[in-house]
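Asks: quick check, what structure comes out for this input:
(one chain, ligands or ions: 1)
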Amino acid sequence: MEALRESTFVIGSDRLAWPSGRLGPGCVVVANGRIEQVREGEGWRQWAEDRPTVVSSGIVTPGLVDTHVHGGAGCLIASEDGAEGRRAVDFHHHRGTTALFASVATAEPTRVLARLRAASELCREGLIEGIHLEALFLSQEQRGAHPVEHLRDPDPGLLEDLLEAGGGFIKMVTLAPERSGALDAIDLLVGRGVRVAIGHTAADPSVVDQAVGRGATIATHLYNAMRPIHHRVPGPIPSLLLDPQVVVELIADGVHLSPEAVRMAVRAVGESRFMLITDASAAAGLPDGTHDVGHRVVEVENGMARIVVNGMPGAVAGSTATLSLCVANAIGMGVQPEAAILAATGTPARTHGLADCGALRVGARADLVLFDDDLLVDGVMRSGVWLSRPGHTASWSADEGT
Ligand SMILES: [Zn+2]
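Replies: As a prediction, the model looks like this:
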């Protein structure tokens, strides 16, 4: 038996996500915060016998990757108050989302710029993997919870300012391609290596085709905040489903999409062209009631968060979900477990060029989630450190600091 260093240990299961995305028996060897070995096949138990080993009776997956998430635990990730941002990140990390983007929503441009600067600081610290700008250049008709008075056509000068405030960490920009100047904005963003997502849009198929032709590759929360399908006036959804260059986001929180809508999309795009995202708002993890979060009042009822306008609950304001819950929900809706896991790990990592996460692969950061048989999170590791230990899943409270 070759010697293993002291900091080295083994995590194994009969249902481990292999680098191919298949679930099968196997184990990973973690050393110095990285995955040092991956062993596939029945022989892993025998091999691991004399080594320090955590054996999971459930499913072991890569750490989950959520590329569309605004906040959690009452906090915005991109809050100008850095401590608040860290609390939101901590909330998601502890629930299995070990890689995430800070999504920055529409507000006054000066506030958007300040939030981008704040989020870039979290990127520099290695707490999050990037920034998703979902602000300003969206459709008025399909604005969802975005305040209409700040929506506008893409402007190259403002776009440059936004990219600069993001400090090189903006990985994705959502825009409505039908807005004047949007196609030129796509050229500018693609030229800087930024992924362009089509969303909050009422575009017709020809505009979607043009946007994809210029380099847009993602559909932001497909179906939600998009003009719905009509058989003669199809809107953007059928084109986004059919185009092999587009990867679609789905919010499988059980609130935003019906099981049929999820199954229809998955059937249309196949296993590797959809990503599960939460679009979680700051209200994720908060109990039912009225909350003042991120300078907005939100009412949460049965897991649905709505912005409150003139005292009345209005548009749905993101989800209150965690990505692990969305994985479990998607499986409950009829998505195959391997496909659901891939859609929350390997596919977002591949789509966004995140080489260090998304797969249990030699050399990758040691990010892992252990799911129990009820698909509840039973252990989370990030960079080789247990954030919650198997069998001791921490119950997290809003009072808990980082
Ligand atoms: Zn969003």
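Asks: can you check the pLDDT for the closest residue to the ion within the chain?
Replies: Residue nearest to the ion within the chain: residue 279 (4.3 Å; C-beta to the ion). Any C-beta I mention is one placed from the backbone N, CA and C, and that applies to glycine too. Looking at residue 279, its pLDDT is 96.
Asks: who in the protein is up against the ion?
Replies: Proximity of the chain to the ion, by C-beta under 5 Å from the ion, involves residues 103, 134, 279.
Asks: please give me every residue in contact with the closest residue in space to the second one that isn't next to it in sequence.
Replies: Counting by C-beta to C-beta, 6 or more residues apart in numbering, residue 174 is the residue found nearest to residue 134 once chain neighbours are left out, at 4.3 Å. When the contact criterion is C-beta atoms under 8 Å, 6 or more residues apart in numbering, the partners of residue 174 are 132-134, 138, 197-200, 220.
Asks: tell me the secondary structure at residue 174.
Replies: Taken by DSSP: H, G, I helix; E, B strand; the rest coil, the conformation at residue 174 corresponds to strand.
Asks: that one pairs with what?
Replies: Counting by DSSP bridges, residue 174 is bridged to residue 197.
Asks: so how far is residue 196 from it?
Replies: 8 Å (C-beta to C-beta, to the nearest Å).
Asks: pLDDT below threshold where in this structure?
Replies: Along the chain, the parts satisfying pLDDT under 70 run over 1-7, 294, 392-402.
Asks: and with 80 instead?
Replies: 1-7, 293-296, 303, 309-310, 313-317, 391-402 (pLDDT under 80).
Asks: show me what contacts residue 184?
Replies: When contacts are counted by C-beta under 8 Å, 6+ apart, residue 184 touches 154, 156.
Asks: check the gap between it and residue 316 for me.
Replies: For residue 184 relative to residue 316 (C-beta to C-beta), the value is 31 Å.
Asks: what about residue 270, how many residues close to it?
Replies: For residue 270, the tally of surrounding residues (other C-beta atoms under 10 Å) stands at 10.
Asks: how distant is the helix or strand where residue 56 lies from the center of its chain?
Replies: Secondary structure from DSSP states H and E places residue 56 in strand 53-62. Averaging C-alpha positions (C-alpha atoms, centre = their mean, to the nearest Å) puts strand 53-62 22 Å from its chain's average.
Asks: what lies in contact with the following helix or strand past it?
Replies: Downstream of strand 53-62, the next assigned helix or strand under DSSP H and E is strand 64-66. The set of residues external to strand 64-66 that reach it, using C-beta under 8 Å, 6+ apart, is 92, 96-101, 129, 277-278, 280, 323-324, 327, 344-345, 348-349, 354, 357-358, 369.
Asks: and the helix or strand following strand 64-66, what does it pack onto?
Replies: Downstream of strand 64-66, the next assigned helix or strand under DSSP H and E is strand 71-72. Identification of packing neighbours for strand 71-72 by 3 or more C-beta pairs under 8 Å, 6 or more residues apart in numbering; DSSP states H and E yields helix 82-94.
Asks: what does the helix it packs on rub up against?
Replies: Contacts with helix 82-94, where a contact means C-beta under 8 Å, 6+ apart, come from 66, 69, 71-79, 100, 102, 118-119, 121-122, 127-128, 280, 282, 284-285, 322-323, 380, 382, 387-388, 394, 396, 401-402.
Asks: of those, buried ones?
Replies: For the contacts of helix 82-94, a burial check counting by 16 or more other C-beta atoms under 10 Å picks out 66, 69, 71-79, 100, 102, 118-119, 121-122, 127-128, 280, 282, 284-285, 322-323, 380, 382, 387-388.
Asks: what segments of the stretch 301-402 of the chain are strands?
Replies: Ranges of strands within the stretch 301-402 of the chain are 304-309, 312-319, 368-371, 377-382, 385-388, based on DSSP state E, counting those that start in this stretch.
Asks: which of those strands sits most buried?
Replies: Neighbour counts (mean count of other C-beta atoms under 10 Å) averaged over each of the strands of the stretch 301-402 of the chain peak at strand 368-371, with a mean of 26.
Asks: report the angle between the strand holding residue 56 and strand 377-382.
Replies: Interaxial angle of strand 53-62 relative to strand 377-382 (axes from the mean of the first three to the mean of the last three C-alpha atoms, to 10 degrees): 80 degrees.
Asks: now for strand 53-62, which elements pack on it?
Replies: With contacts taken as 3+ C-beta pairs under 8 Å, 6+ apart, strand 53-62 sits against strand 9-17, strand 23-31, helix 337-342, strand 368-371, strand 377-382.
Asks: can you tell me the strand partners of it and which way each runs?
Replies: The strands beside strand 53-62 in its sheet (DSSP bridges) come out as strand 9-17 (parallel), strand 368-371 (antiparallel).
Asks: bridging residues for the residue most central in space within the chain?
Replies: A centroid search over the chain (C-alpha atoms, centre = their mean) returns residue 66, at 1.8 Å, as the residue closest to the centre. Here residue 66 sits in beta bridges with residue 100, going by DSSP bridges.
Asks: number the residues from 36 up from this point.
Replies: All set: I'll call the first residue 36, so the last point we hit is now residue 101.
Asks: gap between it and residue 89?
Replies: From residue 101 across to residue 89, the span is 24 Å (C-beta to C-beta).
Asks: longest single helix anywhere in the chain?
Replies: Taking DSSP state H as the criterion, the chain has its longest helix at helix 144-159.
Asks: quick check: which helices or strands does that one pack against?
Replies: For helix 144-159, the packing partners by 3+ C-beta pairs under 8 Å, 6+ apart are helix 117-129, strand 132-140, strand 165-169, helix 191-200.
Asks: quick revisit: what's the most buried one of the helices and strands packed on strand 88-97?
Replies: By mean count of other C-beta under 10 Å, the helices and strands packed on strand 88-97 have strand 403-406 as the most buried, with a mean of 26.
Asks: list the contacts of that strand.
Replies: For strand 403-406, the surrounding residues in contact (C-beta under 8 Å, 6+ apart) are 46, 48, 63, 65, 89, 91, 93-99, 131, 133, 359, 363, 395, 412-416, 425.
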